[in-house]
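# Provided below are the primary sequence and the corresponding predicted coordinates.
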Amino acid sequence: MRIVIAPDKFKDCLSAAQVAQAAAAGVNDAQASAQIDQCPMSDGGEGFVDAMVQATGGTLHTRCVTGPLPDMQVEATFGLLGDGQTAVIEMSAASGLHLLKPGERNPLHTTTYGTGELLLAAADMGASRILLGIGGSATNDGGLGVAQACGLPILLRDGQTISPTDPLTGSDLQRVMYIKRGRGSKLDRIPITVACDVTNPLTGSHGASMIYGPQKGADPEQVQQFDQWLHGLAERTGTLDQAAAVGAGAAGGLGWGLMAFFNASLQRGVDIVLRATNFAQRLQGAHLCITGEGRLDQTSLHGKVVGAVATQCQQHGVPVLIIAGDVAEGVQLSGVQAMSLRARAGSIAAAIAQAPELIRQCAAQAMRVGMAEH
């Protein structure tokens, strides 16, 4: 009997790999002879690198790079997938909001420079393709730091020379007159695919600054400034079309910067993961697929991991079980069974405390009651 285990993380509780391991233990409890394929998943946010590396038999690599503040150094981990050619990076590893204390959060002072350093590190390792998750950013610099770190020529309004080792920040957007793409960057011929579930454009009432600026520490006046600065830079660089594109406002405008200056493509994160892990092929001959996430609600079934996995399973005629920390009231499930850890434990706190064991019990129960078709 073949069982595929493809969960998302349980946020603030377990990584996708830990969830998969717990479920695998439960399957083994019920049927020790089962063939188990652990394929931890991600939608491109936190856990993107770990999930992709684990699912493809890849390797992890760590570099010391610039953090979200120019004078900060952080140890950032990225991955090389099992094909040995595809690098996978989370921008939050270098430029993430979680790296800053609340009092340090101010997008005038933050930079994506370290993310650019990770892209270069992947290129130096010989990657021929890069997958980049851009969730959780502390920045609103439109990818200015990435462009600088990767060696793109940047022209300033006052003619000042840019030091390649003095990272530009969000406050420098108003000074930049032009950014030239290409010109010998190591990334010129490396396709970059961005995992992005945000649909915001670069500017305007639904843009990067207006919607996400406040959570990064911008006050109302700064939000207006950033919106104007980013629009002005897009205008000066002739990239207003890219600025209006779906996802351009992701990660403080990094989505726009990657499209405009690196010819990157933006795609739904879970679709990237499904393709990179050859998920459809891994379902062939499977008798059951176990997926899951921390909280299952109606949005889970549209564009998130469990919904995408369930859709693939239904297309291939594979029964699917969702194990969730909690299941919201009124969730409409068609042809899918769900189990709630909260229902077993009695409370959210107890479910979190006992999550690995509860996941194990759910998986074992599913096997014993015959969810897997023989």
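Yes, it's here.
# what's around residue 93, how many residues?
26 (other CB atoms under 10 Å). Where C-beta positions appear, they are placed from N, C-alpha and C, glycine not excepted.
# and the gap between it and residue 2?
According to CB to CB, to the nearest Å, residue 93 and residue 2 sit 34 Å apart.
# With just CA atoms, put the host helix or strand of residue 261 into PDB.
Using DSSP states H and E, residue 261 maps to helix 250-262. This file holds the C-alpha atoms of helix 250-262, laid out as PDB (Å, rounded to 0.1, in the frame of the first residue of the first chain):
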ATOM      1  CA  ALA A 250       4.500  41.900  -3.100                       C
ATOM      2  CA  ALA A 251       7.300  42.300  -0.500                       C
ATOM      3  CA  GLY A 252       7.300  46.000  -0.600                       C
ATOM      4  CA  GLY A 253       7.500  46.200  -4.300                       C
ATOM      5  CA  LEU A 254      10.100  43.500  -4.700                       C
ATOM      6  CA  GLY A 255       7.700  41.700  -7.100                       C
ATOM      7  CA  TRP A 256       7.900  44.800  -9.400                       C
ATOM      8  CA  GLY A 257      11.700  45.100  -9.100                       C
ATOM      9  CA  LEU A 258      12.200  41.400 -10.000                       C
ATOM     10  CA  MET A 259       9.900  41.600 -13.000                       C
ATOM     11  CA  ALA A 260      11.200  45.000 -14.200                       C
ATOM     12  CA  PHE A 261      15.000  44.400 -13.800                       C
ATOM     13  CA  PHE A 262      15.500  40.600 -13.800                       C
END
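# what's the following helix or strand past it packed up against?
Note on helix 250-262: by DSSP H and E, the next helix or strand toward the C-terminus is strand 265-267. Helices and strands touching strand 265-267, as assessed by 3 or more CB pairs under 8 Å, 6 or more residues apart in numbering; DSSP states H and E, comprise strand 192-195, helix 250-262.
# I'd like those laid out as a markdown table, including mean neighbour count.
Shown next, in a markdown table, are the helices and strands packed on strand 265-267 (neighbours: other CB atoms under 10 Å):
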| stretch | mean neighbour count |
| --- | --- |
| strand 192-195 | 23 |
| helix 250-262 | 30 |
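# of the ones you listed, which approaches residue 140 most closely?
helix 250-262 (3.6 Å; CB to CB).
# coming back round to it: could you provide the helices and strands packed on strand 265-267 in a markdown table, with additional columns for mean pLDDT?
Shown next, in a markdown table, are these (pLDDT from 0 to 100):
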| stretch | mean pLDDT |
| --- | --- |
| strand 192-195 | 96 |
| helix 250-262 | 96 |
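# So which of these is nearest residue 233?
Using CB to CB, the helices and strands packed on strand 265-267 put helix 250-262 closest to residue 233, at 8.9 Å.
# by contact count, what packs against the closest one?
Checking 3+ CB pairs under 8 Å, 6+ apart, helix 250-262 ends up next to helix 144-149, strand 192-195, helix 208-212, helix 220-236, helix 240-243, strand 265-267.
# Looking at the ones you listed, which one is packed in the most?
helix 144-149 (a mean of 29; mean count of other CB atoms under 10 Å).
# mind checking the SS state of residue 291?
Following DSSP: H, G, I helix; E, B strand; the rest coil, residue 291 is assigned to strand.
# hang on, I meant residue 21
Under three-state DSSP, residue 21 comes out as helix.
# quick one: pLDDT of it?
At residue 21, the model reports a pLDDT of 97.
# one step back: looking at the helices and strands packed on helix 250-262, spot the one closest to residue 9.
strand 192-195 (14.4 Å).
# Tell me the strands beside that closest one, with direction?
strand 129-133 (parallel), strand 265-267 (parallel) (DSSP bridges).
# okay, the ones you listed in JSON lines with distance to residue 144 and mean pLDDT next?
What follows is the strands paired with strand 192-195, written out as JSON lines (distance: least, CB to CB, whole Å; pLDDT from 0 to 100):
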{"stretch": "strand 129-133", "distance to residue 144": "16", "mean pLDDT": "97"}
{"stretch": "strand 265-267", "distance to residue 144": "18", "mean pLDDT": "95"}
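# could these go into JSON lines alongside distance to residue 334?
Conversion of the strands paired with strand 192-195 to JSON lines gives the following (distance: least, CB to CB, whole Å):
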{"stretch": "strand 129-133", "distance to residue 334": "30"}
{"stretch": "strand 265-267", "distance to residue 334": "26"}
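# Residue 80: which of those is closest?
Going by CB to CB, the one of the strands paired with strand 192-195 nearest residue 80 is strand 129-133, 10.4 Å.
# got the CA positions of that closest one in CSV?
What follows is strand 129-133, C-alpha atoms only, in CSV (Å, rounded to 0.1, in the frame of the first residue of the first chain):
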residue,chain,number,x,y,z
ARG,A,129,17.3,28.3,-12.2
ILE,A,130,16.1,30.1,-9.1
LEU,A,131,12.8,29.8,-7.2
LEU,A,132,12.3,32.7,-4.8
GLY,A,133,9.6,33.0,-2.1
